[in-house]
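Peer 1: Fold the following for me, if possible:
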Amino acid sequence: METLPLPPEPAPLPPAPLSAHRQVLAAYDRIAEAGRPELWTILRPCEDVLVDAKAVDERVRAGEPLPLAGLLAAVADPLDVAGLPTSGRPDTSATAVRRLTEAGAVVLGKIVLDRSGAAVVALGLVDVTIGTGMAACDGVVGLAPTPGLVPVTGVPDRVGVFARTVADGQRVLAAMTGPDPADPSSRAWPSSVRLSAGERPRLAIPVEAASGAFRTAVEDLLAAGATVETVGSTGFLDHTAKYDALLLPLAPEHGELLGFPVVTVPGVSVVARLFEDQIALDIAAYLHAEQIRNPYPDTGIDLVVFGAHLRGQPLNTQLTDLGARFLGEVETAGSYRMVALPTSPPQPGILPVAGGAPLAGERWTISPAGLGSFLDGLPQPMRPGEIELADGSTAMSFHCGVPAGAHARDITRFDDWRAYLRHLTATRPMSC
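Peer 2: Residues are numbered from 1 along each chain as shown. Model (predicted):
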């Protein structure tokens, strides 16, 4: 769904992040000040955690890309953490925990099941907790992915996350996701996974849902362009193909809905179809006043489009119907020409040339299967091909071979298909 508007002026650059070492010291000060020892089954000695933090800082200085560098985590007691008791003292961590620390997170200790997981995040003692349930969120964000995306090796149940923000939760899920040979139930993303529900998601809500916070959330989504229908207790399960997500006033704690991805923000739980976790993340992020640019599935392929496939243009649904996700506007290198083709609807052709000009387009990301379907449907004279962007990178796009004798007006001087359309509108004779 469409994200919240960006501020009109560029925000100042954020301060450089604190080192993991300094973040750990600050966290232990907060833990002492909070005075809530009952939340922890094991709180590791600060000195031991500082050793891990120093190792993370050294990896960062060495140039290693760590998506979770310095993120502070606690792990619910059922999950294995190497060296810390569960039912025994495991020699290895659960796959999810190992991937978390490999990505740069630092584990402070183990907590009392999942309800403490929300509390230690809400108190600011850690950034995220990893557990196995979706209990009441206590004002924080809760995430449970499609079963199997995060392996359950060393875990008694599906892994869930509590975080301060939807974006933090998404980063953690991404770091833990991926098949594990030791877990036969682990799953990979399907090649046709949808990466977005577009600007007008179709939502279902239960007939009986009428609480204040929940109703406000529904009204906000309606105002943003979503369509909402009320359904009975099994309406979403009976018609999952009809809806992009189900909104609930509480986190599902039992029944068939536990088999679906869920993202919970204060007052609302968003349940999506299997593998459409990103759609739930987008809706929850909107309600939490956040923006998420890149999708949780890392399988998307970038595609640059022009003309009738741009947002708001007549062929844009060919992308959105395949679950493609808008990433932003781009500019090509100065080695292309744009021509207006005699097609219906009107659209441009992009021609690589030795002496051209930069052209405006849009970058989308789409699943591998979606990209194949889209490119297979391109009409003549369009053909797939890479395009060079102004920053020197390349992306998949499509070029145009203009047939001999075809009438194709050169419109390169407009730089942008929308600018050309505005020119046509401005110069079209007025009808009486």
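Peer 1: The nearest residue to Asp183 once chain neighbours are set aside: what secondary structure?
Peer 2: Spatially, and ignoring its direct neighbours in sequence, Asp183 is nearest to Pro151 (4.1 Å; C-beta to C-beta, 6 or more residues apart in numbering). Quick note: C-beta positions are derived from backbone N, CA and C, even for glycine. Assigned by DSSP: H, G, I helix; E, B strand; the rest coil, the conformation of Pro151 is coil.
Peer 1: Please apply the same query to the one 5 residues further on.
Peer 2: Pro156 carries the three-state label coil when classified by three-state DSSP.
Peer 1: burial measure for it, as a count.
Peer 2: 12 (other C-beta atoms under 10 Å).
Peer 1: got it, and the one 4 residues further on?
Peer 2: One way to gauge burial is a neighbour count; for Gly160, by other C-beta under 10 Å, it gives 25.
Peer 1: my guess is it meets Ala144, correct?
Peer 2: Yes. Applying C-beta atoms under 8 Å, one finds Gly160 in contact with Ala144, separated by 4.3 Å.
Peer 1: and the nearest residue to Asp410 once chain neighbours are set aside, what element?
Peer 2: Closest residue to Asp410 apart from its sequence neighbours, by C-beta to C-beta, 6+ apart: Val339 at 5.5 Å. In this structure, Val339 is located in strand 336-341 according to DSSP states H and E.
Peer 1: Give the rounded mean pLDDT of that strand.
Peer 2: The average pLDDT for strand 336-341 rounds to 92.
Peer 1: what comes up buried for it?
Peer 2: Tyr336, Arg337, Met338, Val339, Ala340, Leu341 (16 or more other C-beta atoms under 10 Å).
Peer 1: Now for the second one: which residues touch it?
Peer 2: Contacts for Arg337 (C-beta atoms under 8 Å, 6 or more residues apart in numbering) come out as Ile350, Leu351, Val353, Gly356, Ala357, Asp410, Thr412.
Peer 1: that older thread, wait, isn't the residue nearest to Asp183 in contact with Val97?
Peer 2: No. Using C-beta under 8 Å, Pro151 is not in contact with Val97, being 10.7 Å away.
Peer 1: how far away is the residue nearest to Asp410 from His407?
Peer 2: 10 Å (C-beta to C-beta, to the nearest Å).
Peer 1: looking at this protein, which helix or strand does the model trust least?
Peer 2: helix 235-238 (a mean of 74; mean pLDDT, DSSP states H and E).
Peer 1: now whichever helix or strand comes after it, how far from the chain's geometric center?
Peer 2: Using DSSP H and E, the helix or strand that follows helix 235-238 in sequence is strand 245-248. The chain centre lies 18 Å from the centre of strand 245-248; the measure is C-alpha atoms, centre = their mean, to the nearest Å.
Peer 1: Could you export the helix or strand hosting Gln170 as PDB, CA atoms only?
Peer 2: Element membership of Gln170, judged by DSSP H and E, is helix 166-176. Extracted C-alpha coordinates of helix 166-176, given in PDB (Å, rounded to 0.1, in the frame of the first residue of the first chain):
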ATOM      1  CA  VAL A 166       7.800  -2.600  12.100                       C
ATOM      2  CA  ALA A 167      11.000  -1.900  10.200                       C
ATOM      3  CA  ASP A 168      13.200  -3.400  13.000                       C
ATOM      4  CA  GLY A 169      11.000  -6.500  13.100                       C
ATOM      5  CA  GLN A 170      11.200  -6.800   9.300                       C
ATOM      6  CA  ARG A 171      15.100  -6.600   9.400                       C
ATOM      7  CA  VAL A 172      15.200  -9.300  12.100                       C
ATOM      8  CA  LEU A 173      12.900 -11.600  10.200                       C
ATOM      9  CA  ALA A 174      14.900 -11.100   7.000                       C
ATOM     10  CA  ALA A 175      18.100 -12.100   8.800                       C
ATOM     11  CA  MET A 176      16.600 -15.300  10.200                       C
END
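Peer 1: circling back to that earlier point, which strands and helices sit next to the least confident helix or strand of the chain?
Peer 2: Applying 3 or more C-beta pairs under 8 Å, 6 or more residues apart in numbering; DSSP states H and E, one finds that helix 235-238 contacts strand 202-206.
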